[in-house]
Every structure is written in C-alpha cells, then in structure tokens.
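Undergrad: Pasting a predicted model and its sequence here:
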Amino acid sequence: MQVRRVLLIGAGIGGLGAATALARRGVDVDVVELRPDSGVLGVGINQPANSLRALRTLGVLDEVLAAGFPFDRTTFYDWQGSLIVDCPSVLGGDVPANTALSRRDLHRILTGAAERAGAKVTYGTTARDIEDTGDRVHVTLTDGKTETYDLVIGFDGLGSPLRRRLFGTGYEPVFTGYSVWRLMMPRPAEVACTMVFQGDGTKAGVIPLSRDSMYLLHVTAEPGNPHMPPERRAGLLTERLAGYGGLVGELRECVSDSDTISYSPLSEVLLPSPWFRKRTIVLGDAAHACAPHLTQGAGMALEDAVVLAEELAVPDRAVEASLEAFMQRRYNRVKLVQDVSHQILFSEMAITAADLPGAAAHMREALPGQLKEVEGLLNQPC
C-alpha cells in the first residue's frame, strides 16, 4: 500500500466506507466527525446493485440484505393512482437489483464494519488547519491535537469546508429550486417496489424498507429555498399532497403532527476534475452531489471509497499517479449520474395536470428504454 496513515473527514456513508476499505488493506485510519455522536438524520435509502457490490467488497452485503427490502422494478402512476408503466430493472445479476433499508440500519452496519477493520472514529472533532507539503499532510484538529498523515480524504458533505479550502468558493452547492419531503410509515402489502406518482408539477413516491416499513417521498417546487420548521412540516406536507388520490391520498390522511418528517432542499455540486490537490482529496457529496432521482448518491460515495482503496493499493506507483488513475475511473461515471438525475428532476417538475395524458403516453413509450440504457451503464463495473 502506498499510504500507511490516512485521515478521513466525515463519518457518513462514504467516509465509513472508505475507512473500512482502507483499514482492511492494512492502512492506519483515523476518522473525525464534527457531529457529537453517531446518530444520523434521515429516513430510508435505496441501494441499487452497483452500491450493493461496493458493500459486498466492504464485507457487509449480507447484513444489508438482512436489514433491507429487495425489489427489482419501478412502477409509475398518475396522481390518481392509475398505472402508467411498469419498468423492470436491468440492474443486478449477482446481487439484487435494489435493496432499500433505513438510514439508521445502514449507518449502524457501516460503523460496525469500520470499527472491526480497525479504523478509529472520533466524534465532535474535525480538521482546523491543514498543511499539505506534497509528501505528508500535517493536520491540526479542533481538539488541539496535531497529526501527520500520508493522505487526507474529505467526505464532509454538500457544504464541504475541505472543498472550499482546496478549491475556493467557486463550487458552492446550487439549489435546484426543488426540495424533497420524506416520512417513514407502515408498509401496505401493495408497496413491494418503488412506486412513483406523477402530480401537478410535483412527484410523490413510496419505497419499501422492510417487511413492516416504507417511506413516503414528495418532491415539490420551493422557490427561494424557504425554511420549513419541523413543528409545521406535517401540515405543510399535507397541503402539498392535496389533489393526490389512490394510495398517496390515503397516506396523506395518515400524516400527523407526531411524525418525524425529513425535509431536504435539493442542491447540486459537480467539482471539475481533479478533486485533489497534492495529497488531499474530496469525495462523495463534497465533490459530486446530485438529485436523488436515480437513488445513486450513497452508491457513488461507496464506489468512490472502494475505487480509491483499489488504486492506492497498486504497487510501485506514486500517490498522485494513483489519484489521477482514480479520477479516470470516476469522473465520467458520476457526471452521468448527475446529468441524468438533473434531467429527470426538471422534466418531472415541468409536467402539469393538464399535461399528464400526453406525458403518460410519452412515458409508456420512452421510459422503459431510457431506464434500461442508464441502468445498463451503471450495472457495469465501476
């Protein structure tokens, strides 16, 4: 291994995945996380086949499959619940096409994997100062400790301080104008795959997470990116679901003030290649945050983790050359995901109730082939 000691900034999905991948190869890994503990926000998360393969490389596929709900298709409906088109997935083969699970379960599994591999995770701490000399990186942490590493890796999220430190303020997140509401609910038996409901300039959907649970999602236009107070979210979500019939209409009537509703503005980041300077690199959402419309955010971060560990393990090659090789494998793939996700978001949000009959006819004709093409590319090795 070219590097013996690594600092990872951020203990989210990508950071824990990278910690596991590197520690399993004998690297001494420190992980620092600004949050005070290992608790996570969010509801549920789908892991498509390419992400499941990365999780298999990390040694946790069986745990993920045991915790989650596998499915092999996405079905599309209008907002009154009439079927538009059923799209079987071409993902998978050696793994399920998709497996969705709660974010809490995925975080628990990845935390356990990192700790078993020997990575050391410290909460309530992050990097304060970084001096990258080109052959070592000297880091002062916010707890006052000073350490020296062979490589610093930032999985520090959408608002990444490390990205700003390396590349300036020209690559800040760009708000799309849209947001997503998510709510965990009991799973009706009919919810056995991702079900998408096209509304009047909005989209709703349900994704199964386990035998008993699922989550409801709703994508809406939110001009100006307003703050949505947690105590008002149940009422605001109910208002935004007005007009939906069928299953979504039934679920709307079950939303209550006691529910914990996750609300996330949808913002994008795509840092030009390369994502590193000397021996410091940013990955995951810090480098390539995208809309969630292919459910590939976690998958792209986990692929980053696995591919980086593979490239750093190539013998007799300089670290910078390995980072350049990593970029060759990653940039076009994450750009594909971002471009397609962006296109889906904006095309769905442009459909009004008056447009729905024509849009439904177009979806029946074109959508299966379009999804097959994109999924076929993503099903190829990363």
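TA: Ah, there it is.

Undergrad: where's Asp86, which helix or strand?
TA: Under DSSP states H and E, the secondary-structure element containing Asp86 is strand 83-88.

Undergrad: what's near enough to touch the residue lying closest to Glu115 once chain neighbours are set aside?
TA: Distances taken as CB to CB, 6 or more residues apart in numbering put Val121 closest to Glu115, at 7.0 Å, once the chain neighbours are dropped. C-betas here are computed from N, CA, C, even on glycine. By CB atoms under 8 Å, 6 or more residues apart in numbering, the contact set of Val121 is 11, 16, 19, 31-33, 38, 111, 114-115.

Undergrad: Alpha carbons of the helix or strand hosting Val121, in CSV - could you do that?
TA: Val121 is part of strand 120-123, with elements assigned from DSSP H and E. Backbone C-alpha positions of strand 120-123 (Å, rounded to 0.1, in the frame of the first residue of the first chain) are rendered in CSV as follows:
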residue,chain,number,x,y,z
LYS,A,120,-10.6,4.8,14.8
VAL,A,121,-13.6,7.2,14.8
THR,A,122,-13.7,10.4,16.9
TYR,A,123,-16.9,12.5,17.2
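
Undergrad: following it, which helix or strand shows up next?
TA: Next in line after strand 120-123, if elements are assigned by DSSP H and E, sits strand 127-132.

Undergrad: quick one: buried residues of the next helix or strand after that next one?
TA: Following strand 127-132 in sequence order, the next helix or strand is strand 137-141 (DSSP H and E). Of the residues in strand 137-141, 137, 139, 141 count as buried by neighbour count, 16 or more other CB atoms under 10 Å.

Undergrad: which other helices and strands contact the next helix or strand after strand 137-141?
TA: Using DSSP H and E, the helix or strand that directly follows strand 137-141 along the chain is strand 146-149. When contacts are defined as 3 or more CB pairs under 8 Å, 6 or more residues apart in numbering; DSSP states H and E, strand 146-149 sits against strand 5-9, strand 137-141.

Undergrad: now the next helix or strand after the first one: how far from the chain's centre is it?
TA: If I follow you right, that is strand 5-9. Counting by DSSP H and E, the next helix or strand C-terminal to strand 5-9 is helix 13-23. In this view, helix 13-23 has its centroid 15 Å away from the chain centroid, taken as CA atoms, centre = their mean, to the nearest Å.

Undergrad: now swap in stretch 316-334 and tell me
TA: With CA atoms, centre = their mean, you get 21 Å for stretch 316-334.

Undergrad: what's the average pLDDT for it?
TA: Throughout stretch 316-334, pLDDT has a mean value of 97.

Undergrad: now stretch 128-143
TA: 97.

Undergrad: Could you tell me the end-to-end distance of that stretch?
TA: 9 Å (CA to CA, to the nearest Å).

Undergrad: ok, residues contacting it?
TA: So stretch 128-143 is in contact with 7, 32, 122, 124-127, 146-152, 162, 165, 277-280, going by CB under 8 Å, 6+ apart.

Undergrad: From those, list just the buried residues.
TA: For the contacts of stretch 128-143, buried by 16+ other CB under 10 Å: 7, 32, 125-127, 149-152, 162, 165, 278-280.

Undergrad: Widest-spaced pair of those?
TA: Across these, no pair lies farther apart than Thr125 and Lys278, at 22.9 Å, counting by CB to CB.

Undergrad: mind checking how far Ser102 is from Val27?
TA: 30 Å (CB to CB, to the nearest Å).

Undergrad: Of those two, which one has the most company?
TA: Val27 (24 against 20; other CB atoms under 10 Å).

Undergrad: list the contacts for the closest residue to the more buried one other than its chain neighbours?
TA: Spatial nearest neighbour of Val27, chain neighbours left out: Val6 (5.4 Å); criterion: CB to CB, 6+ apart. Going by CB under 8 Å, 6+ apart, Val6 touches 22, 27-30, 149-153.

Undergrad: Just to check, Gly36 is in contact with Tyr123?
TA: Actually, residue 36 is Pro rather than Gly. Yes: using CB atoms under 8 Å, Pro36 makes contact with Tyr123 at a distance of 5.7 Å.

Undergrad: higher neighbour count, the two?
TA: Each of Pro36 and Tyr123 has its neighbours counted (other CB under 10 Å); Tyr123 has more, 15 against 9.

Undergrad: what's across from the more buried one in the sheet?
TA: Per DSSP bridges, the residues bridged to Tyr123 are Glu33.

Undergrad: before we move on, which element is the closest residue to Leu378 other than its chain neighbours in?
TA: Closest residue in space to Leu378, ignoring its immediate chain neighbours: Asn50 at 5.2 Å, by CB to CB, 6+ apart. Element membership for Asn50 (DSSP H and E) is helix 49-57.

Undergrad: and the helix or strand just after that helix, what does it pack onto?
TA: Counting by DSSP H and E, the next helix or strand C-terminal to helix 49-57 is helix 61-67. Helix 61-67 is packed against helix 49-57, strand 98-102, helix 103-117, with contacts defined by 3+ CB pairs under 8 Å, 6+ apart.

Undergrad: can you pull the buried residues of helix 61-67?
TA: Here helix 61-67 shows 61, 63-65, 67 as buried, counting by 16+ other CB under 10 Å.

Undergrad: TSV please, covering these and showing distance to Met327.
TA: Compiled in TSV, these are given as follows (distance: CB to CB, whole Å):
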residue	distance to Met327
Leu61	27
Glu63	31
Val64	28
Leu65	31
Ala67	33
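
Undergrad: Spatially, which pair of those is furthest apart? Let me know, please.
TA: Leu61 and Ala67 (11.0 Å).

Undergrad: For Gly118, grab the count of nearby residues.
TA: 15.

Undergrad: Now for it: which residues touch it?
TA: 23, 28-29.

Undergrad: Which of these ranks first by neighbour count?
TA: That'd be Val29 among the contacts of Gly118, by other CB under 10 Å, with 27 neighbours.
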